[in-house]
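Asks: Please find the sequence and the predicted model below.
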Number of protein chains: 2
Amino acid sequence: MMYYSFMIIEQRNEDQIKVQIFKALADESRLEIIRILRDQKGELSCGEVGERINISKSTASYHFKTLREAGLTSTRKETRNKYVKLRLDTFEKYLPGFLDSL
Amino acid sequence: MMYYSFMIIEQRNEDQIKVQIFKALADESRLEIIRILRDQKGELSCGEVGERINISKSTASYHFKTLREAGLTSTRKETRNKYVKLRLDTFEKYLPGFLDSL
DNA sequence: TTCATAGTTTAAAAACTATCGAACTAAAAA
DNA sequence: TTTTTAGTTCGATAGTTTTTAAACTATGAA
């Protein structure tokens, strides 16, 4: 029997993924961001979203990172802007029906 | 126009309720507790649940309080024990489909 | 009454989270 | 080339969360 180092690199398990998602959702500013993105039915730049909820740009950036790392949003960079949208696949998989009730 | 003091007691709004629920769900021990209670399809005492996931009784008590205050569980005291069960109404209202996928 | 059991509360430490301004980076506009 | 714009990163700070041991409460058993 051979042991490979990659064997002990424990894969992030499903509960840890869920915990990360719930942490990302457990903040009023981020719920607002999600609601804005849902209603927009498309992409918005980080700046446009940040403006609407009145937080500093560094705080906004922090929230976008939190959402992105939880797999709840994806971003696309175009010229100077960064466009954010919801990852509907993640919402569907882990929180079916949630977006409609938000 | 008359003003009543209760008018300015701002009602805990829906987002705050959701944030509290997501905070309660954002912990591996509590996800385990919820899974145990779901599979039990009935009540268990706090002690019985705590034993199954190997945490100290004060930590267990803290987690039960967190879940209860988020409206995710209810408890009934009988003799020396306190029996916990899920509040399916809350799960249905805020997280339809979640329990099945947990 | 005394002892044991089940659970809560408290206090404190350690880890984590949210926020902001300032400095920074990269790309577009002048 | 220089300046402006959009966003990220850093450092500091204030507040929150998780955990444990110890003290406490309430109930049932001996």
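Replies: Perfect, thanks for sending it.
Asks: So A:R76 belongs to a helix, correct?
Replies: No. Counting by DSSP: H, G, I helix; E, B strand; the rest coil, A:R76 falls outside a helix, being strand.
Asks: do you know how far it is from A:G42?
Replies: 12 Å (Cβ to Cβ, to the nearest Å). All C-beta spots, glycine's among them, are computed from the backbone N, C-alpha and C.
Asks: what do these two both touch?
Replies: A:K85 (Cβ atoms under 8 Å, 6 or more residues apart in numbering or on different chains).
Asks: If we ignore the residues flanking it in sequence, what's nearest A:G42?
Replies: Leaving out its chain neighbours, the residue that sits closest to A:G42 by Cβ to Cβ, 6 or more residues apart in numbering or on different chains is A:K85, at 6.8 Å.
Asks: Mind checking the pLDDT average for stretch A:50-57?
Replies: Stretch A:50-57 shows a mean pLDDT of 93.
Asks: Show me what from chain A comes close to DNA strand C.
Replies: Selection of chain A residues close to DNA strand C by Cβ under 7 Å from any atom of the strand yields A:23, A:26-27, A:29, A:55-59, A:62-63, A:66, A:79-80.
Asks: quick one, what contacts whichever residue of chain A sits closest to DNA strand D?
Replies: Using Cβ to the nearest atom of the strand, the single residue of chain A nearest to DNA strand D is A:G47, 2.3 Å away. Under the criterion of Cβ under 8 Å, 6+ apart, the contact list for A:G47 reads A:K57, A:A60, A:N81.
Asks: what's the answer for A:A24, then?
Replies: Neighbours of A:A24 in contact, by Cβ under 8 Å, 6+ apart: A:R30, A:T66, A:L67, A:E69, A:A70, A:L72.
Asks: quick one: what helix or strand has the third one in it?
Replies: Looking back up the chat, that one is A:L67. helix A:57-69 (DSSP states H and E).
Asks: Enumerate the positions of that helix that are buried.
Replies: Residues of helix A:57-69 classed as buried by neighbour count (16 or more other Cβ atoms under 10 Å in any protein chain shown): A:A60, A:H63, A:F64, A:T66, A:L67.
Asks: same check, this time on stretch A:66-85
Replies: A:T66, A:L67, A:A70, A:G71, A:L72, A:T73, A:T75, A:Y83, A:V84, A:K85.
Asks: Put the alpha carbons of that stretch into CSV.
Replies: This file holds the C-alpha atoms of stretch A:66-85, laid out as CSV (Å, rounded to 0.1, in the frame of the first residue of the first chain):
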residue,chain,number,x,y,z
THR,A,66,-17.5,37.0,0.4
LEU,A,67,-20.3,36.2,-2.0
ARG,A,68,-18.0,35.1,-4.8
GLU,A,69,-16.0,32.8,-2.5
ALA,A,70,-19.2,31.2,-1.3
GLY,A,71,-20.1,30.5,-4.9
LEU,A,72,-23.1,32.7,-4.9
THR,A,73,-21.9,35.2,-7.6
SER,A,74,-19.6,35.3,-10.5
THR,A,75,-17.8,38.2,-12.0
ARG,A,76,-16.5,39.2,-15.3
LYS,A,77,-14.0,42.0,-15.9
GLU,A,78,-14.6,44.3,-18.8
THR,A,79,-12.4,47.4,-19.4
ARG,A,80,-12.4,49.3,-16.1
ASN,A,81,-15.5,47.6,-14.6
LYS,A,82,-16.2,44.3,-13.0
TYR,A,83,-19.7,43.0,-13.6
VAL,A,84,-21.3,40.8,-11.0
LYS,A,85,-24.2,38.4,-11.4
